[in-house]
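Engineer: Predicted model follows, preceded by the sequence.
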There are 2 protein chains.
Amino acid sequence: MAAQRGQRNGVGPAAPNAAEVTAPIPRVAEVPAARERARAIPEAAVARLAVYLRVLSGLQEQGAGTVSSEELAVAAGVNSAKLRKDLSYIGSYGTRGVGYEVAVLIEEIERILGLTRKHSVAVVGIGNLGHALANYGGFPGRGFPVSALFDIDADLIGVPVGGIPVDHIDDITRVCAEREVSIGVIATPPPAAQGVCDRLVAAGVQCILNFAPVVLQVPDHVEVRKVDLAVELQVLSFHVARRADGPAPASASLNGRVDGMVVS
Amino acid sequence: MAAQRGQRNGVGPAAPNAAEVTAPIPRVAEVPAARERARAIPEAAVARLAVYLRVLSGLQEQGAGTVSSEELAVAAGVNSAKLRKDLSYIGSYGTRGVGYEVAVLIEEIERILGLTRKHSVAVVGIGNLGHALANYGGFPGRGFPVSALFDIDADLIGVPVGGIPVDHIDDITRVCAEREVSIGVIATPPPAAQGVCDRLVAAGVQCILNFAPVVLQVPDHVEVRKVDLAVELQVLSFHVARRADGPAPASASLNGRVDGMVVS
DNA sequence: CTGACTTTGTGCACACGTTCACAAGCGGTA
DNA sequence: TACCGCTTGTGAACGTGTGCACAAAGTCAG
């Protein structure tokens, strides 16, 4: 979340009945509004939009033309009111009494998430995880071509992984510039992470996805997201421990899931 | 955040002066406050506690005896007030005017996170990611021994990965029971995820870490956390796009990071 | 023993995110 | 055309989490 220093307009204690934000102008005037709107989307909502997008793609493949907020919400595992609010952040693309047109929604979410432009990804650290990431099919299929791989191990240099040859980390600046990499993924051992991060930043990468269990220091203009597997497990561990204490609320639980669908 | 249905005792506006943990006199009827307290720790704080724990381990290896909230906060990348509040959720283990004793803090955080007990982990889906997880050193070193691996591919069965032989997914119930697996990790292709999830639940697994881009349906008593790589990238993409619009705040940024530390 | 200094622990206020509930708006139907 | 039922979009209430600022509580020097 880094920055955020910017003072927000004095919304204060819930602007009583502030001038209707929707503006008197019919939503035809979308030019500045659409872009300006993006700044206001809560981080949490952005992450959910990505989930909706995936669900919508699935629906589209099944030939669905429209969906109601209720259907989509269930499929995405959220409350329908939240879903509608999330969608309202990007505009009004639904039809009352009917629902949302799948194709339109996909297009709009992709636009807001910036997926209309391809974002080249560079993966640094071609160990087990790096291999997995380089081969991960979910990336290129969704607008994130992995276009560069780096490592420091001489044995790996030049060897293609997932179709892309591994470059030496010393060439990171040049290669990233050449291939217009905008997102860097750090999958190195912890001690190397900050150094790699610095190099990525120097190479002009704007966003970093960090898998190393290290707190990265970056300039304000660089966005970092981290995925820490150990932390995830520890949070789960906490829940196990918490449950072990409480006298357990008897049965109750075991809700109405019935389908015994099994891996096929 | 699946469940949460349970009605919380009317803590309401901050229990006036919650009994001090160390005090032998639990003025609120209930039992050991320490356990009860666990229920009140915000999810976000739990995740940060895990981070503090990692930083503390590093400090301990460097021979540090005590740390102030300020030092620890900087190392963990958070605000010191937030850190103190997070620590206050687990008790009062600091000394005013001095700071926290590293060893004590480590012990207490581990206790709260339930790390004093080992949690066996089962990884399902031994593809690229599954391999990475099976070999990931961060798990066993921190109380999470990976003790079972499963896949549906006959060619993999019996082959040891990271020292553990792969079992067929059909044996999941038996093997998980034998090895007392409490945490399941799903690293299968999306279509297989829900089926695997159902089997894990049937096998008695209480918590699941899901890497498949699918919304899992589980009974209320099972805790699920998901890691979705595509979503992470899309959120980053959103930030890139957002930045591309705004007139860019000129330079400014580039804060005072100086150390040119580079991967060695 | 006293007083100055340091750092914790937390009350409070604010901002953010979630949920509810309902008016507005649209399609279908007679 | 006028009505009816359905679904969206959103104002407002609520709950949670964050950050500030300070009293309480301890150390250390003299």
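Structural biologist: Here it is on my side, so go on.

Engineer: from here on, contacts and neighbour counts on C-alpha atoms
Structural biologist: Will do.

Engineer: could you point out where the stretch 101-250 of chain A is predicted with low confidence?
Structural biologist: When residues are selected by pLDDT under 70, those of the stretch 101-250 of chain A lie in A:137-141, A:245-250.

Engineer: So for the closest residue to DNA strand D within it, what's the nearest residue that isn't a sequence neighbour?
Structural biologist: Residue nearest to DNA strand D within the stretch 101-250 of chain A (Cα to the nearest atom of the strand): A:Glu101, separated by 9.3 Å. Distances taken as Cα to Cα, 6 or more residues apart in numbering or on different chains put A:Thr66 closest to A:Glu101, at 4.3 Å, once the chain neighbours are dropped.

Engineer: Just give me the neighbour total for the residue of the stretch 101-250 of chain A closest to DNA strand D.
Structural biologist: When neighbours are defined as other Cα atoms under 10 Å in any protein chain shown, A:Glu101 has 18 of them.

Engineer: Okay, it and A:Leu209: tell me how far apart.
Structural biologist: Between A:Glu101 and A:Leu209 the computed distance is 32 Å (Cα to Cα, to the nearest Å).

Engineer: show me what contacts the residue nearest to A:Asp153 when sequence neighbours are not counted?
Structural biologist: Take A:Asp153 and drop its neighbours on the chain: the residue closest to it by Cα to Cα, 6+ apart is A:His168, 7.7 Å away. With contacts defined as Cα atoms under 8 Å, 6 or more residues apart in numbering or on different chains, the neighbours of A:His168 are A:150-154, A:157.

Engineer: same question, A:Tyr93
Structural biologist: Under the criterion of Cα under 8 Å, 6+ apart, the contact list for A:Tyr93 reads A:100-101, A:104-105.

Engineer: let's go with 10 Å and repeat that
Structural biologist: Residues near A:Tyr93 by Cα atoms under 10 Å, 6 or more residues apart in numbering or on different chains: A:87, A:99-101, A:104-105, A:108.

Engineer: before we move on, what about A:Arg117?
Structural biologist: Contact criterion Cα under 10 Å, 6+ apart gives A:110-111, A:143-144, B:237, B:241 as the residues in contact with A:Arg117.

Engineer: What is the burial count for the closest residue to A:Ala187 other than its chain neighbours?
Structural biologist: Once its chain neighbours are removed from consideration, A:Ala187 has its nearest residue in A:Gly125; the separation is 4.9 Å (Cα to Cα, 6+ apart). Around A:Gly125 there are 24 other residues, counting by other Cα under 10 Å.

Engineer: Repeat that for A:Val240.
Structural biologist: Taking other Cα under 10 Å as the neighbour definition, A:Val240 ends up with a count of 20.

Engineer: if we can go back for a sec, in helices only, show me the contacts of A:Arg117.
Structural biologist: When those are checked against helices using DSSP state H, the ones located there are A:110-111, B:237, B:241.

Engineer: what's the domain layout of chain A?
Structural biologist: For chain A, whose domains are defined here by automatic domain parsing, the residue ranges read A:31-112, A:120-230.

Engineer: can you give me the helices for chain A?
Structural biologist: Shown for chain A, the helices assigned by DSSP H span residues A:31-38, A:43-61, A:69-76, A:80-90, A:102-112, A:128-135, A:172-178, A:190-202, A:229-245.

Engineer: In a markdown table, list the ones you listed along with distance to A:Val121.
Structural biologist: As requested, the helices of chain A are arranged in a markdown table below (distance: least, Cα to Cα, whole Å):
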| stretch | distance to A:Val121 |
| --- | --- |
| helix A:31-38 | 23 |
| helix A:43-61 | 18 |
| helix A:69-76 | 27 |
| helix A:80-90 | 26 |
| helix A:102-112 | 18 |
| helix A:128-135 | 10 |
| helix A:172-178 | 9 |
| helix A:190-202 | 11 |
| helix A:229-245 | 21 |
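
Engineer: The closest residue to A:Gln217 other than its chain neighbours: neighbouring residues, count only.
Structural biologist: With Cα to Cα, 6+ apart as the criterion, A:Gln217 has its nearest non-adjacent residue at 7.2 Å, and that residue is A:Gln194. A count of neighbours around A:Gln194, defined by other Cα under 10 Å, yields 23.

Engineer: so A:Gln194 touches A:Val218, yeah?
Structural biologist: Yes - the pair formed by A:Gln194 and A:Val218 meets the contact definition of Cα atoms under 10 Å, at 8.9 Å.

Engineer: A:Gly65: what's it in contact with?
Structural biologist: Each residue near A:Gly65 by Cα under 10 Å, 6+ apart is listed here: A:59, A:99-104.

Engineer: Can you flag the buried ones in these?
Structural biologist: Listed as buried from these are A:59, A:99-102; burial here means 16 or more other Cα atoms under 10 Å in any protein chain shown.

Engineer: Sort out which one of the residues you listed lies nearest DNA strand C for me.
Structural biologist: Proximity to DNA strand C was ranked across the buried ones among the contacts of A:Gly65 by Cα to the nearest atom of the strand; first place goes to A:Gly99, at 9.3 Å.

Engineer: do you know how far the residue nearest to that closest one when sequence neighbours are not counted is from A:Ser80?
Structural biologist: Residue nearest to A:Gly99 in three dimensions, not counting chain neighbours: A:Ser68, with 4.2 Å by Cα to Cα, 6+ apart. Relative to A:Ser80, A:Ser68 is positioned 9 Å away (criterion: Cα to Cα).

Engineer: Mind listing what's buried along stretch A:217-235?
Structural biologist: Along stretch A:217-235, these residues count as buried under the neighbour rule (16+ other Cα under 10 Å): A:218-219, A:221-235.

Engineer: Intersect those residues with the contacts of chain B.
Structural biologist: The subset of the buried residues of stretch A:217-235 within reach of chain B, counting by Cα under 10 Å from any Cα of the partner chain, consists of A:218-219, A:221-235.

Engineer: in stretch A:117-126, what's buried?
Structural biologist: Buried residues in stretch A:117-126, counting neighbours by 16+ other Cα under 10 Å, are found at A:119-126.

Engineer: same thing with stretch A:158-171?
Structural biologist: A:161-162, A:165-169.

Engineer: Output it in CSV, but only the C-alpha positions, please.
Structural biologist: Taking Å, rounded to 0.1, in the frame of the first residue of the first chain, the C-alpha atoms of stretch A:158-171 are listed here in CSV:
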residue,chain,number,x,y,z
GLY,A,158,20.8,-20.2,-22.1
VAL,A,159,18.7,-23.2,-21.2
PRO,A,160,15.1,-22.6,-22.3
VAL,A,161,12.5,-23.0,-19.6
GLY,A,162,8.9,-23.0,-20.8
GLY,A,163,10.2,-21.9,-24.1
ILE,A,164,12.2,-18.9,-22.9
PRO,A,165,15.9,-19.0,-22.5
VAL,A,166,17.3,-18.0,-19.1
ASP,A,167,19.5,-14.9,-19.1
HIS,A,168,22.1,-14.0,-16.5
ILE,A,169,21.0,-11.6,-13.9
ASP,A,170,23.7,-9.1,-14.8
ASP,A,171,21.9,-8.5,-18.1
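
Engineer: Give me the distance from that stretch to the chain's centre.
Structural biologist: With Cα atoms, centre = their mean, to the nearest Å as the basis, the distance from the averaged C-alpha position of stretch A:158-171 to the chain average is 26 Å.

Engineer: same thing with stretch A:116-135?
Structural biologist: In terms of Cα atoms, centre = their mean, the gap separating the centre of stretch A:116-135 from the centre of its chain is 15 Å.

Engineer: Just the endpoints, please. Distance across that stretch?
Structural biologist: 22 Å.

Engineer: next one: stretch A:218-230
Structural biologist: OK, stretch A:218-230 end separation, Cα to Cα: 22 Å.

Engineer: same deal with stretch A:117-135?
Structural biologist: For stretch A:117-135, the end-to-end distance is 21 Å (Cα to Cα).

Engineer: tell me the contacts of the most centrally placed residue in chain A?
Structural biologist: The residue lying closest to the centre of chain A (Cα atoms, centre = their mean) is A:Ala47, at 5.2 Å. Shown in contact with A:Ala47 (Cα under 10 Å, 6+ apart): A:113, B:228, B:231-236, B:238.
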